[in-house]
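Participant: here's a sequence, model it:
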Amino acid sequence: MDSTDSYSSLIPKDEEPDLGAWAVMARALETFEPTVRIAIIGKYTGLQDSYLSVLKSLKHASIAVEHKLEVEWVEATHLEEEAKDNTKEYEEAWA
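Facilitator: Here you go, the predicted structure:
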């Protein structure tokens, strides 16, 4: 017996899983008010997978308090004095 055989008996084959609760939660996520805006500042904001655990934690917290989550990604290097040469990036990072 391989490991998948032991799991196949958990859900009877003649029953469809009841996903009603998941559907209700998914619809509720779209209607949450108000919105909470969080800025994530980092060196690798272009690679959002680098911050996946932080992003998931924020998402779970926003669901718990029934707020819509809006994440602003800010590249840390755009906040530095040297970034003033590129005025647009510098000003957007500080906005």
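Participant: next one: the most centrally placed residue in the chain from residue 44, what distance?
Facilitator: The C-alpha lying nearest the average C-alpha coordinate of the chain belongs to residue 55 (C-alpha atoms, centre = their mean; 4.1 Å). From residue 55 across to residue 44, the span is 13 Å (C-beta to C-beta, to the nearest Å). The way it works is simple: take the backbone N, C-alpha and C, and place the C-beta from them, glycine included.
Participant: what does residue 85 give?
Facilitator: Taking C-beta to C-beta, one finds residue 85 at 21 Å from residue 44.
Participant: these two: which is more packed in?
Facilitator: More crowded of residue 85 and residue 44, by other C-beta atoms under 10 Å: residue 44, with 11 against 8.
Participant: quick one, what contacts the more buried one?
Facilitator: Residue 44 sits next to 50, 51 when contact means C-beta atoms under 8 Å, 6 or more residues apart in numbering.
Participant: I'd assumed it was in a strand, is it?
Facilitator: No: under DSSP: H, G, I helix; E, B strand; the rest coil, residue 44 sits outside any strand and is assigned coil.
Participant: okay, it: pLDDT?
Facilitator: Residue-level confidence at residue 44 comes out at 81, pLDDT.
Participant: also residue 63?
Facilitator: 91.
Participant: same check, this time on residue 29
Facilitator: 84.
Participant: what do you get for residue 7?
Facilitator: According to the model, residue 7 scores 68 on pLDDT.
Participant: go on, residue 40?
Facilitator: With respect to pLDDT, residue 40 has a value of 91.
Participant: and residue 78, by the same measure?
Facilitator: 87.
Participant: could you pull up the residues touching it?
Facilitator: 86, 89, 90, 92, 93.
Participant: now with 6 Å, please.
Facilitator: 89, 90, 93 (C-beta atoms under 6 Å, 6 or more residues apart in numbering).
Participant: show me which of those residues is closest to residue 79.
Facilitator: residue 93 (5.0 Å; C-beta to C-beta).
Participant: give me the distance between the closest one and residue 85.
Facilitator: From residue 93 over to residue 85 (counting by C-beta to C-beta), the distance is 13 Å.
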